[in-house]
Each structure stands twice: as C-alpha cells, then as structure tokens.
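Here is my input, please return the structure:
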Amino acid sequence: MIGRQSERALLNKKLRNKKAEMVAVVGRRRVGKTFLIREHYKEYIVFEFTGTQYADKENQLLKFADKLNQYNKDQISIAIPEDWAAAFKQLKAYLQSLRKSKRKPTIFFDELPWIDSPRSGFLNEFAYWWNDWACRQNIIVVICGSAASWMIDRVVNNKGGLHNRITEYIHLKPFTLAEVKQYVHTVNPALDNYQLLQLYMSIGGIPHYLQHLQKGESATQTINRLCFQKDGILRNEFNNLYAALYEGHDRHIAVVKALSTKWKGLTRMEISALTGLSNGGGLTQILTELTTASFIMPILPFGKKKKDTLFRLVDEYSLLYMTFIEGKRAGKKEIWLQTSREQFYKIWRGYAFENICIKHAEAIKKALGISGMLTEVSGYRNHGKKEGSGIQVDMLIDRADRCINLCEIKFYNDEISLTKEDAEKLRRRRTRFIQFSKTRKTVFNTLVTNYGINQNQYSLGQVDYEVTMDALFKLRSFA
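Numbers count the residues shown, from 1 in each chain. The predicted model follows:
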C-alpha cells in the first residue's frame, strides 16, 4: 500500500487493545477509503456491508441478508429481516457464533449514508446494537462514507445514541505530490517531477484516477486519454462525482461553477450573488460540505475579518473540467497537446500550480526552515486608490518570529532570469504591502517556481528566498 502511514498506524493501534472500537473514516469519493480498510483489515473482516445509493429500506435489507449468508458458514439460510432491529439481531447472533481466534473481528459498514435511507431507522438501531451489545465485545466496527459532512453531522457529532461513541476519526485526504510520485512510479517510473506536477495539476492526488495510468505515457498523453477522449474515464466524471456525494447536488455544482469563474476566490456574498442562493444557513452548509470534501478551500486574507473569507476552488479535476471539458465535444487525438500551446492554458496552469503550493504550504515552510514555527497562511489583495496601484499576493506566510514571507508563485519550464522590470515589480509589491497593511514585521520576497532562479544582479537585490518544485515533493501527507 502506498502512503497512508499515519492512518495505518491508527488502524494498527485498534488491533492491539482488547476493547470495542468504533472507527469512522470519511473522505471524498474515489480517495481510497474502502481500499484502505479492506487492505489493512483483510485478515480481520468477518462481515462487510455496503449501502446502495437511492435504494429503499427493503432493498438494503435484502442485500444485508444476502451478505450475511455469504459470510455465515452455517448451512441454515438467514431470512430477509423485516427491519433493521431484526437485522442487527441476526448480525449479533452470527458474530456470537464465530469461533474465538487471536484475530480481532472487524465489521465494516461502507457508504453508511446510503444505508440510512429516509425513515429506515437504520442509524437508531445501529446505535442500539452498539450500546446494548457491541460496545462490550473485543471487536472493531468501521463505518465509512463519502458524504463527509453527513458522517460528521449525523455520526461523529451525533447528539443521541452515538454521542461520543467514535473512538477514532480518520479524514482520508487526497495524496500529496510525494505520495503521487511513489504511486505513479510503480507504473510509470520514467516520469520526473515536472511531469508529475503537470499530472497533479489536472487530476490531483486521487488514487482511483491515478490507477488508470499506463507505462510509457507522458503526463500530456495521460491527461488527453483520461479527460478528452470519448471513452476517457474522467470525461463524464464531474456530475457523477457530486451526485454521489450530495442530495440536491445541483446547488453544490452551482457554487463550484461560480468559483471556477474567479480563480482567486469569492466571498460568500459574491457566491450568493452569482448563484442566486440565499446567503444563509443553506449556503453555509454547502460551503462546509464542499470544504470537508476538499473541493474548495476557505482562505482568510491577511488583516481581514471572517466575513471577508475567500473561497477558492482547489479540486484539480473540477477546475480542469469546468475550464476545458464542460460543454465541449470529445476532441481530436492530441487535443490536450494543442491546448497546451494556447495562452489561456498558461494562465490556468499558473493558477493550478498556485493551488498546489497553497495545499503544500507545509513543504514550503520546511524549505524555508520554519517548519516548526507557528504560522498562518493566507493571501492578500488591495485594489489601491488609483488605477494600477493595487497589489495581489498569491500566498503569504505570517510567522511567529515577526516576519512575513510574500510568496510569488510562478510556473516556468526552466530557470527564471529576472529582468530589471521584474525586480522593480517585486520591490514595489513589498513596499505597497507594508504601506497598505501597516505591518511592522520584516517582509521577505519569496519566489516559488519549478526550477528556481538563474541568479543575477536583479534577483540578488529583490529575492530573499527561493523554493523549487522539488521541495513540494517532500510533504509526506496532508495534516
């Protein structure tokens, strides 16, 4: 198994003690939740049941009985239960019939939000089964769901029978660049960091997408095949992705579409205006759900109040889809190669790289030698009083040692050689930031780029720090 060291350590810990454990695993669709549990607990799972989307209670119960019959070695067939109370009674009887072994029995309920169909009573009976019997057994119960916000609201933060019953909570996130490199090199070891970065900018660190890579392909060829060919697995993934996660997913897609039009981010007031959604609790829930699933990221600009929070679309595939795929017919064989020569592609590429850097901020901090320091990562923008006097900072690292790194993020195919004009822009940006923000902290100009700087008289005068893409590949996992 690639990566997931911290998650596997937590799962191992549950095997070593002799008490009941309830482990909740959440994360967006395709991120590898089911694979992690099946692979790590494959010798311990004695029962597994996966919910069916849009299925009613009767259909779920039929499939539950079928699964129980598959696992039950008894010759007596288990009848279809009439409700979830009867189903958990059957599960209890089956688990009691198992011979004692040195291996701790594990019960795995996958896609829990789908099992708990409307008025099914599943969650109440699950809570009763746990509190009445399971909590006193030496077992592990794993509950999993792609609808992360549902899992958090209805299970993790449950105020009823499941209140404080979760003994471990795992939020499985997409792979970092380091994990993607480790994964991809098992299939296509020829790809260097530049190629991997291009791949990540397009489809992100989603294991399910990465498993479709082929040996001998460049990043451009892979993206073209997966996203732009008629039978590409990611050509029509977008709507399926959100529909599988959210009821009323059209509202979530509306927010994503709005954010795809303003790459630097929108406030919730701006989102409300663009989507027509009321700026109330409903929008709050949508933004929370999209944030929990790692589709968007809230960023509080430096020196601003919470109401000024900007929401950015940071899911790589969603941004690619909205920018280049939606509404367009499947293209010619080399459409992505042709697109990569256009100016708009270069603009998108710069923003996609900016998103990756923000996500990998801990790796940038490590490269700057401040990984153990308390910091806040944000952005900054000020339009200025006169036209052309504004300032936009891609990423800002506010440090506890009264210093600030103003990060200028640039995606280039080679080393950057700064001109006199470039140096003047950096000088002016630092001066204006100090002036507008009224900060008394020391401000360092920091350049984050692919291959670094070709040092000359202009860079020596205005660039205090430089970070290359290789540093981004040293973040082992997201916090």
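
rest of the way, CA atoms for contacts and neighbours
Will do.

Please identify which helix or strand holds Asn239.
Under the criterion of DSSP states H and E, Asn239 resides in helix 237-243.

Export that helix to PDB, keeping only CA atoms.
Provided in PDB are the C-alpha atoms of helix 237-243 (Å, rounded to 0.1, in the frame of the first residue of the first chain):
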ATOM      1  CA  GLU A 237     -16.900  12.000 -14.000                       C
ATOM      2  CA  PHE A 238     -17.900  15.500 -12.900                       C
ATOM      3  CA  ASN A 239     -21.600  15.100 -12.500                       C
ATOM      4  CA  ASN A 240     -21.300  11.600 -11.100                       C
ATOM      5  CA  LEU A 241     -18.800  12.800  -8.500                       C
ATOM      6  CA  TYR A 242     -21.100  15.400  -7.000                       C
ATOM      7  CA  ALA A 243     -24.300  13.400  -7.400                       C
END
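
Touching that helix from outside, list them.
Residues from elsewhere that reach helix 237-243 (Cα atoms under 8 Å, 6 or more residues apart in numbering): Arg29, His249, His252, Ile253, Ser318, Tyr321.

wait, doesn't Thr52 sit right on Pro113?
No. The pair formed by Thr52 and Pro113 falls short of the contact definition of Cα atoms under 8 Å, at 9.3 Å.

Between those two, which has more neighbouring residues?
Set side by side, Thr52 and Pro113 give different neighbour counts by other Cα atoms under 10 Å, the larger being at Pro113 (24 against 18).

who's in contact with the closest residue to His185 other than its chain neighbours?
Distance criterion Cα to Cα, 6 or more residues apart in numbering; nearest residue to His185, sequence neighbours excluded, is Leu191 at 7.4 Å. Contacts for Leu191 (Cα under 8 Å, 6+ apart) come out as His185, Ser218, Ala219.

Make sure Leu191 is indeed in a strand.
No. If the criterion is DSSP: H, G, I helix; E, B strand; the rest coil, then Leu191 is coil and not within a strand.

What ranges does the stretch 101-250 of the chain have for its helices?
Counting by DSSP state H, counting those that start in this stretch, the stretch 101-250 of the chain has these helices, from start to end: 112-115, 122-132, 148-151, 177-184, 193-203, 207-210, 219-223, 237-243, 249-260.

just to revisit the earlier point, closest to Asp401 out of the contacts of Leu191?
His185 (39.3 Å; Cα to Cα).

The closest one and Lys100, how far apart?
When distances are taken as Cα to Cα, to the nearest Å, His185 and Lys100 turn out to be 42 Å apart.

same thing with Ile286?
With distances defined as Cα to Cα, the gap from Ile286 to Lys100 amounts to 46 Å.

who's more crowded, these two?
Comparing Ile286 with Lys100 by neighbour count (other Cα under 10 Å), the higher total belongs to Ile286, at 19 against 9.

give the contact list for that one.
Applying Cα under 8 Å, 6+ apart, we find Ile286 in contact with Arg251, His252.

so it, which of the three states?
Under three-state DSSP, Ile286 falls in the helix class.

any idea of the pLDDT on it?
Ile286 is assigned 94 on the pLDDT scale.

could you measure it against Ala20, distance?
Relative to Ala20, Ile286 is positioned 34 Å away (criterion: Cα to Cα).

Over to Asn240?
The span separating Asn240 from Ala20 equals 36 Å under the rule Cα to Cα.

Look at these two and report which has more neighbours.
Set side by side, Asn240 and Ala20 give different neighbour counts by other Cα under 10 Å, the larger being at Ala20 (19 against 11).

Surely the more buried one is in contact with Cys135?
Yes. Contact criterion Cα under 8 Å: Ala20 and Cys135 qualify, at 5.2 Å.

tally of neighbours for Ala13?
Ala isn't right for residue 13; it's Lys. Considering only other Cα under 10 Å, Lys13 is surrounded by 9 other residues.

what's the helix or strand for it?
Of the helices and strands defined by DSSP H and E, Lys13 is found in helix 5-16.

How about Gly216, nearest residue that isn't a chain neighbour?
Counting by Cα to Cα, 6+ apart, Asn188 is the residue found nearest to Gly216 once chain neighbours are left out, at 6.4 Å.

and what of Leu15?
Lys104 (6.4 Å).

Could you pull up the residues touching that neighbour?
In this structure, Lys104 makes contact with Leu15, Tyr44, Asn138, Ile139, Ile140, judged by Cα under 8 Å, 6+ apart.

wait, which of the residues you listed is closest to Asp56?
The nearest one, if we look at the contacts of Lys104 relative to Asp56 and count by Cα to Cα, is Ile140, at 27.1 Å.

Identify the residues contacting that closest one.
Contacts of Ile140 by Cα under 8 Å, 6+ apart are Lys14, Leu15, Ala20, Glu21, Met22, Val23, Lys104, Pro105, Thr106, Ile107.

Give me the contacts around the helix holding Lys13.
By Cα under 8 Å, 6+ apart, the residues outside helix 5-16 that reach it are Glu21, His40, Lys104, Ile140, Glu168, Ile170, Leu172.

again, only this time at 7 Å
Glu21, Lys104, Ile170 (Cα atoms under 7 Å, 6 or more residues apart in numbering).

Excluding residues flanking it in the chain, which one is nearest the first one?
The shortest distance from Glu21 to any residue other than its chain neighbours is 4.7 Å, reached at Ile140 (Cα to Cα, 6+ apart).

Show me where the stretch 251-400 of the chain has its helices.
When secondary structure is read from DSSP H, counting those that start in this stretch, the stretch 251-400 of the chain shows helices at 268-275, 281-292, 316-320, 335-339, 343-359, 361-368.

Now do the buried residues in the last one.
Neighbour-count burial for helix 361-368 flags Ala361, Glu362, Ala363, Ile364, Lys365, Lys366, Ala367 (criterion: 16 or more other Cα atoms under 10 Å).

Could you figure out how far it is turned away from helix 343-359?
Regarding helix 361-368 and helix 343-359, their directions subtend 80 degrees when assessed with axes from the mean of the first three to the mean of the last three Cα atoms, to 10 degrees.

what's helix 361-368 packed up against?
Packed against helix 361-368 by the contact rule (3 or more Cα pairs under 7 Å, 6 or more residues apart in numbering; DSSP states H and E) you find helix 469-472.

how much distance is there from the helix it packs on to the middle of the chain?
Averaging C-alpha positions (Cα atoms, centre = their mean, to the nearest Å) puts helix 469-472 20 Å from its chain's average.

Give the rounded mean pLDDT of it.
Along helix 469-472, the predicted local confidence has a mean pLDDT of 96.

that older thread, where does the residue nearest to His185 fall, phi/psi-wise?
The phi and psi values for Leu191, taken as degrees, to the nearest 10, are phi -70, psi 130.

CA atoms only for stretch 465-473, dumped as CSV, please.
As requested, the backbone C-alpha atoms of stretch 465-473 are provided in CSV (Å, rounded to 0.1, in the frame of the first residue of the first chain):
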residue,chain,number,x,y,z
TYR,A,465,14.2,33.2,-0.6
GLU,A,466,13.6,30.8,-3.4
VAL,A,467,11.7,27.4,-3.3
THR,A,468,11.7,24.9,-6.2
MET,A,469,9.1,22.3,-7.1
ASP,A,470,11.3,19.6,-5.7
ALA,A,471,10.6,20.9,-2.2
LEU,A,472,6.9,20.3,-2.7
PHE,A,473,7.6,16.6,-3.2
